[in-house]
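In: any chance you can model this:
(chains A, B, C and D)
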Protein chains: 4
Amino acid sequence: MLKSIGVLTSGGDSPGMNAALRAVVRTALFEGVKVWGIYNGYRGLLDEEMEEMTSRSVSDIIQRGGTILGTARCKRFMTEEGRMQAYENMKKRGIEGLVIIGGDGSLRGATQLSLETGVPIVGLPGTIDNDVWGTDYTIGCDTAANTIIDAINKLRDTASSHNRIAVVEVMGRHCGWLAMLAGIAGGAEFILVPEEEYNLDDICSGIIKSYEQGRRYSLIVVAEGVGSSLDIGKYIEEKTNMDVRVSVLGHIQRGGSPSVRDRVKASQLGEKAALALIAGQSDVVFGFNQGKVVAIDLHDAITNKKHMNDEFIRLAKQLN
Amino acid sequence: MLKSIGVLTSGGDSPGMNAALRAVVRTALFEGVKVWGIYNGYRGLLDEEMEEMTSRSVSDIIQRGGTILGTARCKRFMTEEGRMQAYENMKKRGIEGLVIIGGDGSLRGATQLSLETGVPIVGLPGTIDNDVWGTDYTIGCDTAANTIIDAINKLRDTASSHNRIAVVEVMGRHCGWLAMLAGIAGGAEFILVPEEEYNLDDICSGIIKSYEQGRRYSLIVVAEGVGSSLDIGKYIEEKTNMDVRVSVLGHIQRGGSPSVRDRVKASQLGEKAALALIAGQSDVVFGFNQGKVVAIDLHDAITNKKHMNDEFIRLAKQLN
Amino acid sequence: MLKSIGVLTSGGDSPGMNAALRAVVRTALFEGVKVWGIYNGYRGLLDEEMEEMTSRSVSDIIQRGGTILGTARCKRFMTEEGRMQAYENMKKRGIEGLVIIGGDGSLRGATQLSLETGVPIVGLPGTIDNDVWGTDYTIGCDTAANTIIDAINKLRDTASSHNRIAVVEVMGRHCGWLAMLAGIAGGAEFILVPEEEYNLDDICSGIIKSYEQGRRYSLIVVAEGVGSSLDIGKYIEEKTNMDVRVSVLGHIQRGGSPSVRDRVKASQLGEKAALALIAGQSDVVFGFNQGKVVAIDLHDAITNKKHMNDEFIRLAKQLN
Amino acid sequence: MLKSIGVLTSGGDSPGMNAALRAVVRTALFEGVKVWGIYNGYRGLLDEEMEEMTSRSVSDIIQRGGTILGTARCKRFMTEEGRMQAYENMKKRGIEGLVIIGGDGSLRGATQLSLETGVPIVGLPGTIDNDVWGTDYTIGCDTAANTIIDAINKLRDTASSHNRIAVVEVMGRHCGWLAMLAGIAGGAEFILVPEEEYNLDDICSGIIKSYEQGRRYSLIVVAEGVGSSLDIGKYIEEKTNMDVRVSVLGHIQRGGSPSVRDRVKASQLGEKAALALIAGQSDVVFGFNQGKVVAIDLHDAITNKKHMNDEFIRLAKQLN
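Out: Next up, the predicted model:
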């Protein structure tokens, strides 16, 4: 059983990371294990930006967006020397294992550290993109999707006042999960995701037809990975001869007070991660599968590609 | 295969009912089946308040709280004569089956109708209380929980400014699910639910101890079924000699634009309900179990009592 | 010119107090004047809970509800001995004057201190009730009114689904300003305020008439000073034979991130208060009149009673 | 006294237009005057898209963003022939005067119509930009500013997690009012508006200095009229060698449920506009000056340029 662990957040921040952090810290303390908070991701390991956490350190953070530990990119950690330095800094403080809360790239960095130094690593999927293999859920996706439909509600007001077509670009470079959820929930007429072919000409004729049938405005949700939403908007404007406005939602999608779901699930995962690490497990990522917490092999999580839920694609076409 | 179906919402309204309704209507139309919207619950069946729906009838409703069909109590439907009248009114229009979106009580009424008249009935669990057996999810609970933590965020501001104890009463007469979710997510120090014994004196000493350790305010979430939150607040005030404020959140918990989760899941359930009814199924309720849509026997759904998730009880104690 | 000033928040907290505090602190520092933050209202003066503030002390607080300085009731300060002790504690630290951010009662305490000790005092009206004489604006009222209409939006969903009458009790013991603003903005059919007679029987016949004309639900906003909203609801239910639901919004009205208006106006007032106090002014309250910052005599502010805007009363009757 | 009037919304939509419309309609009806709703701005006058309004026509709209009448650009109305046609269509229905709710450009169109046909016209300033001369207030600006700080709250989470500089572009081609309000309220370190010179190099050194003093992130609000926010972001990134993220908020700023202030003030203006038009007034715009409703000469309103409030510029520099 480990006596002292560290926890860090890495990569793009996502709402709910603080809830996960709080659960890791309080669970460790509950188990009588020391827990160090490492600031600014892997950089903090190298630059010795870390401190021992108490139960109070994580008070009043469950409702806050972002991560109180901070996060940063760190090129030095991508070298073996850097990772060795990180390891030395951990040893100096007696830190025997790490919980890493972050996305794909951050989990990748973790495997390297574990491989080279033997330090046990447990990962939690912290990303709004929901693009981690093996888990139905990633920390932050639910909040981000709700942020998007809040924006869509506003865009709907102005689009319907002007009988316009609103094109909304949302995050998701390789994965259209966020676009799909927000698109279904927002009642989008079309949802363009990287996982699915689309034909702009078909979309244009679809729009024209639906306006003829009485639709007063149209909403199209586009995942950023699909291509330039500005170009897509332009094409549709020219082809349909209608007024199009493109909105790129950008970084507001990462922020905001986390939803109930993100707070509760991140808390559940944080507890499991701390318990597993303390018990000596390593190279696993905790996620949800079929409603239950599951341990995913870290290597599998970062090498496999998540698939889009086919039911969502069908549902979107049928209902919207 | 049925050629014409009806759909109604019954009991207390919940956010996401409109999304479910929209999915039922559009799925039926997609399948070439007529669909009737019945207004004001079972009363509309008796008073012939119903009309045929088109795809446009359910445009722009996915984002709206409440139910556009309305809902009402109807004593006449509780009599066999009433139900026979309802049946006659359906026959007159060729309505061959019903989708009922509502809570426990509403589903109970449905079984009677099905039993006596043979009309196929499919139910959807529409209630913020999440108290329907056999499904992890009911339509509206996620939105209501988010409404509660929004209120808790506000109460936290004023409680921490005054070093006060805030007692928050939330809905849930027999089921503490909503209280539990909101309590965990809101970082409540104590969560009182009908499913779990509690001792007010222990709570009072817990509060005193945590203030001594530096806590600046305390939050207690109480499900309404536990007893009078005003009495609980008074007791704590006298015992701890601290300032207590009780907030009864009331009906705001039922309203509001539904969350992404409630919109998407209600859409999924609405589709499945329509397809099943059209295919001739009856006496089932659709819900989610382990992340997947499941068909629950209607009789089981209304006779069994849902249990609280033990993991939540443990998590709440350990983290908060 | 004063060289060192103190600032405290007192009475019920209101959103925007932090913005005012921030402006006081940064303006004083900008002018080269020391500024002490006094915790927990007048109690902090007595118990020496205070510390010197820097520009960083008030970073990242403009968006936060409540008051980071805290607030508390303090009986000892109501005695002359208590006030003398407070004065000694100020002298010890060289604090030559005070900015008091609070409501009616808090400003009253300030006059006593100034009268007995000669310490210059400048007040800012921090209360959601908008009940301070001489100013059109008090810090927090705009945010509270927006919180109320957010709740009304939710209540509207459920009231209209059930064809119900929703009675909403809002804060305001002596002053109906908040009820009036929220009532007009929420489209309430009736608004009951302490400043205006009302007749429940007329209201009941008004409701019946409007339902006959096609209204599907009714909204009544009641200021708490008018009497028990539960009794009012009961009376209406019996008289109209309709379904009534009463919601007491309670303490959520005090919290929440302040609105733009409350942040900007509180900042303007905070600056003016600091400048005036530093320049040696005393016994004034800063507020807004006809869109401009004005200095109100402190004595006038606490002895005169604010009147309701007649135009609002007329507007409410005519439009709703 | 006029017996029948029309009302239309024109130009970009803004939150609160519906509240103004509702007040115009209900005031006219209260005065026993017929009122026609004209759809899609001036185009509706030409294409005869209009209908007589009842009190019910404007029920349940005070809380809705956008405009239920719709708005559109109309090139034909820019010709004298077009305007004559509009006049004929009005005469045919007995419409004797018009209330125009819209921005600068829309009011300009109104003067032409009035000049050529003698039809009395009363304008209301409906624009989020607050760029109409003679009034401190335009319908929608308060809501838009609140939408912006909601976005800023989210951006702050992610910016502070990454120690980044967040550049936020908000609406305002010629007028920086919205940027200034949101910037002060959001605690922006720098606010760039068209009315005020700025020096990017000074800004960069300011940022570097404040990071050295402990600032963890920086927020810069840019009005769109100032120039490309992307270029500004790039320049700052290169010069400071820090991480910069640019967010262009876009059309979400136009939408959303209007704030209390926008609902109440728009209601007040709508009443005054209706009364004035019915009484035979023409060529005036109603706005607020020093807290009171004022009538501004329509010609003055569209030819003079509004100035930025100098106090805001000073305040922003001193506090942020």
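In: flag every residue of chain A that's near chain D.
Out: A:9, A:12-13, A:15, A:40, A:64-67, A:70-72, A:147, A:151, A:153-163, A:166, A:245-256 (C-beta under 8 Å from any C-beta of the partner chain). In short, each C-beta sits where N, CA and C put it, glycine included.
In: near chain B, which residues of the stretch 101-250 of chain A are found?
Out: Residues of the stretch 101-250 of chain A lying near chain B (C-beta under 8 Å from any C-beta): A:136, A:142, A:145-146, A:148-149, A:153, A:156, A:160, A:181-182, A:184-187, A:213-215.
In: please redo it, this time with the cut-off set to 6 Å
Out: Residues of the stretch 101-250 of chain A lying close to chain B by C-beta under 6 Å from any C-beta of the partner chain are A:Ala145, A:Asn146, A:Ile149, A:Asn153, A:Leu181, A:Ile184, A:Ala185, A:Gly187.
In: by neighbours, which of those wins?
Out: A:Ala145 (31 neighbours; other C-beta atoms under 10 Å in any protein chain shown).
In: B:Thr135 versus that one, what's the distance?
Out: According to C-beta to C-beta, to the nearest Å, A:Ala145 stands 22 Å off from B:Thr135.
In: same deal with A:Gly65?
Out: 31 Å.
In: between the two, who's got more neighbours?
Out: Neighbours were counted for A:Gly65 and for B:Thr135 using other C-beta under 10 Å; A:Gly65 has more, 27 against 21.
In: and the residue nearest to the more buried one when sequence neighbours are not counted, what's its pLDDT?
Out: Residue nearest to A:Gly65 in three dimensions, not counting chain neighbours: D:Asp157, with 3.4 Å by C-beta to C-beta, 6 or more residues apart in numbering or on different chains. Looking at D:Asp157, its pLDDT is 93.
In: number of nearby residues for D:Asp157?
Out: When neighbours are counted by other C-beta under 10 Å, D:Asp157 comes out with 26.
In: leaving out sequence neighbours, find the closest residue to A:His307.
Out: Closest to A:His307 by C-beta to C-beta, 6+ apart is A:Glu195, at 7.2 Å.
In: what do you get for A:Asp131?
Out: Leaving aside its sequence neighbours, A:Asp131 sits nearest to A:Cys175 (C-beta to C-beta, 6+ apart; 3.6 Å).
In: ok so the one you found is a strand residue?
Out: No: going by DSSP: H, G, I helix; E, B strand; the rest coil, the assignment for A:Cys175 is coil, not a strand.
In: correct me if wrong: it contacts A:Trp133.
Out: No: using C-beta atoms under 6 Å, A:Cys175 makes no contact with A:Trp133, being 10.3 Å away.
In: please enumerate the helices of the stretch 51-200 of chain A.
Out: A:80-93, A:104-117, A:141-162, A:177-185, A:200-212 (DSSP state H, counting those that start in this stretch).
In: go through those helices and pick out the most buried.
Out: The highest mean neighbour count among these, using mean count of other C-beta atoms under 10 Å in any protein chain shown, belongs to helix A:177-185: a mean of 29.
In: center of chain A - which residue?
Out: In chain A, the C-alpha closest to the average C-alpha coordinate belongs to A:Thr127, at a distance of 1.5 Å (C-alpha atoms, centre = their mean).
In: in contact with A:Thr135, which residues?
Out: Taking C-beta atoms under 6 Å, 6 or more residues apart in numbering or on different chains, we find A:Thr135 in contact with A:Pro125, A:Gly287, A:Phe288.
In: only whichever of the residues you listed are buried, select them in PyMOL.
Out: Selection of the buried residues among the contacts of A:Thr135 in PyMOL, burial being defined by 16 or more other C-beta atoms under 10 Å in any protein chain shown:
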select buried, chain A and resi 125+287+288
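In: pick the one among the contacts of A:Thr135 closest to D:Lys239.
Out: Nearest to D:Lys239 out of those is A:Pro125 (C-beta to C-beta; 36.4 Å).
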